[in-house]
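>>> Build me a model from this:
(chains A and B)
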2 protein chains.
Amino acid sequence: MAHYAKPLARLVAALERLPGVGPKSAQRMAFHILRHPEEEARQLAEAILAVKQSIHFCRECSNFTDQELCDICADPGRDRTLLCVVAEPRDLIAMEKTNEYRGLYHVLQGLICPLEGIGPEMLRIRELFPRVANGVQEVILALNPTTEGQTTTMYLASRLKPLGVKVTQIAYGIPAGGDLDYADQATLISALQWRREIL
Amino acid sequence: MAHYAKPLARLVAALERLPGVGPKSAQRMAFHILRHPEEEARQLAEAILAVKQSIHFCRECSNFTDQELCDICADPGRDRTLLCVVAEPRDLIAMEKTNEYRGLYHVLQGLICPLEGIGPEMLRIRELFPRVANGVQEVILALNPTTEGQTTTMYLASRLKPLGVKVTQIAYGIPAGGDLDYADQATLISALQWRREIL
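Below is the predicted model of the structure:
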């Protein structure tokens, strides 16, 4: 864009790389940053760098955390016989917001997708089995009702069943092709209540 | 949000302060930053800081620039007898995108708004008059057709007329209450062509 001064053009380009940000909103954000106090800009820049430096996977559940164990895994009030498997940290947050689930989580950090070359070994699946062997009575598979979600659900169920653990799947309360992340709380609660054993 | 690790919560909060960014898109952006290479995050953080450090007003037109003179003021190919007055840098960019206008600009960096206590002395209006005295034959007022835009247009026209310069106003091609920034190029071109002398 020849219309911007170079540092401004660089900021607009960097903002445009964020998801859901087009040229117009990137421009709006850049002008907002220019017009607001330097303190606010520094907070944003530092928060971006801090997140990259301090956030990593929880040793237990692979959720994002800045500790060794995330707050949920470290919480003694959680039911350690229940393990809910989700694809993404945002799905975990969606589940937490229901205030209905009191067990632990396991975050796969993705779904099996042969078309994109994503196999089980590229996800946090290996880390799941030792946890299941450690006193877990039920594994709830809470993956999106998409092809990738169903593939991953069937794969995990077939690997978990031989371990003698109860494996359930959240109900089809979530509309097919939809996104767990965007389901309302009532839908998520009913999906939790309607879970049924598979295989 | 107790659901996020602290550095993540701080980033989400900082992103939410940007215009048009709600909790959901802030979360999405934060996870995007977490998942992408540190290099990309550093580029964004540095672009934010660089823009605050290096961008200031052009000495002549008050547009944002990292030089003493912005690219347009420094361009010898521009028609220096024409001066187009806009409220915001984004309006200047919208005008430039028409490829129709070859004169210079003057950016007010806002509009007169008595309700919000913004008087002429708080805008870059003082800087306009010495420029007009310096060989300009026509001043085109290209402000939004809103109350603030019309107030500012009338104020500027009454101050510029005594200087013996031709003062025009872009046509009502832009729908009333609309935003120059969002007008399509054809509307902006017709607005330029239909300008008429006022007062």
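>>> use CA for all of it now, contacts and neighbours both
Will do.
>>> what ranges of chain A fall below the confidence cut-off?
Applying pLDDT under 70 to chain A flags the ranges A:1-2, A:172-178, A:180, A:186-187, A:190-199.
>>> quick one: contacts for A:L15?
With contact taken as Cα atoms under 8 Å, 6 or more residues apart in numbering or on different chains, A:L15 is in contact with A:V21, A:A26, A:M29, A:A30, B:L44.
>>> Those residues in helices, which ones?
Of these, the ones assigned to helices by DSSP state H are A:A26, A:M29, A:A30, B:L44.
>>> From A:F129, how far out is the first one?
According to Cα to Cα, to the nearest Å, A:A26 and A:F129 sit 43 Å apart.
>>> Can you give me the neighbour number for the closest residue to chain B within chain A?
Closest residue of chain A to chain B, Cα to the nearest Cα: A:A45 (4.3 Å). Neighbour count of A:A45, defined by other Cα atoms under 10 Å in any protein chain shown: 23.
>>> So it sits against B:A45, correct?
Yes - counting by Cα atoms under 8 Å, A:A45 does reach B:A45; the two are 4.3 Å apart.
>>> Alpha carbons only: can I get the longest strand along chain A in PDB?
Determined from DSSP state E, the single longest strand within chain A is strand A:79-86. Presented in PDB, the C-alpha positions along strand A:79-86 are these (Å, rounded to 0.1, in the frame of the first residue of the first chain):
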ATOM      1  CA  ASP A  79     -13.200 -35.400  39.900                       C
ATOM      2  CA  ARG A  80     -10.100 -37.400  38.800                       C
ATOM      3  CA  THR A  81     -12.100 -40.400  37.600                       C
ATOM      4  CA  LEU A  82     -13.600 -38.400  34.700                       C
ATOM      5  CA  LEU A  83     -11.600 -37.300  31.700                       C
ATOM      6  CA  CYS A  84     -13.000 -35.200  29.000                       C
ATOM      7  CA  VAL A  85     -11.100 -35.200  25.700                       C
ATOM      8  CA  VAL A  86     -11.400 -32.000  23.600                       C
END
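>>> How far away from the center of its chain is the very next helix or strand once past that strand?
Next in sequence after strand A:79-86, counting helices and strands by DSSP states H and E, comes helix A:89-96. Remark: helix A:89-96 is offset 6 Å from the chain centroid, using Cα atoms, centre = their mean, to the nearest Å.
>>> cool, stretch A:99-119 as well?
Here the centre of mass of C-alpha atoms in stretch A:99-119, compared against the chain's by Cα atoms, centre = their mean, lies 7 Å away.
>>> okay, how far is it across that stretch, tip to tip?
For stretch A:99-119, the first-to-last residue distance is 32 Å (Cα to Cα).
>>> Just want the angle from the host helix or strand of A:L156 to strand A:79-86.
Per DSSP H and E, A:L156 falls inside helix A:147-160. For helix A:147-160 against strand A:79-86, the angle by axes from the mean of the first three to the mean of the last three Cα atoms, to 10 degrees is 140 degrees.
>>> So what touches helix A:147-160?
Taking Cα under 8 Å, 6+ apart as the rule, helix A:147-160 contacts A:L111, A:I112, A:C113, A:F129, A:L141, A:L143, A:N144, A:V167, A:Q169, A:I198, A:L199.
>>> Looking only at it, what residues are buried by neighbour count?
Residues of helix A:147-160 classed as buried by neighbour count (16 or more other Cα atoms under 10 Å in any protein chain shown): A:E148, A:G149, A:Q150, A:T151, A:T152, A:T153, A:L156, A:A157, A:L160.
>>> Could you dump these into JSON lines with distance to A:P37 added?
JSON lines is the format used below for the buried residues of helix A:147-160 (distance: Cα to Cα, whole Å):
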{"residue": "A:E148", "distance to A:P37": "45"}
{"residue": "A:G149", "distance to A:P37": "44"}
{"residue": "A:Q150", "distance to A:P37": "48"}
{"residue": "A:T151", "distance to A:P37": "49"}
{"residue": "A:T152", "distance to A:P37": "47"}
{"residue": "A:T153", "distance to A:P37": "49"}
{"residue": "A:L156", "distance to A:P37": "50"}
{"residue": "A:A157", "distance to A:P37": "53"}
{"residue": "A:L160", "distance to A:P37": "54"}
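>>> Identify the farthest-apart pair in these.
The largest separation in those, counting by Cα to Cα, is between A:E148 and A:L160 at 18.0 Å.
>>> just checking, A:R10 touches B:A47?
Yes - when contacts are counted by Cα under 8 Å, A:R10 is listed as touching B:A47 (6.2 Å).
>>> hang on, the earlier thing: packing partners for the longest strand of chain A?
Counting contacts by 3 or more Cα pairs under 8 Å, 6 or more residues apart in numbering or on different chains; DSSP states H and E, strand A:79-86 is packed against strand A:103-107, strand A:138-141.
>>> What strands flank it, and is each parallel or antiparallel?
Here strand A:79-86 is paired, per DSSP bridges, with strand A:103-107 (parallel), strand A:138-141 (parallel).
>>> helix or strand right after the longest one?
Spelled out, it's strand A:103-107. In N-to-C order, the element after strand A:103-107 by DSSP H and E is helix A:128-132.
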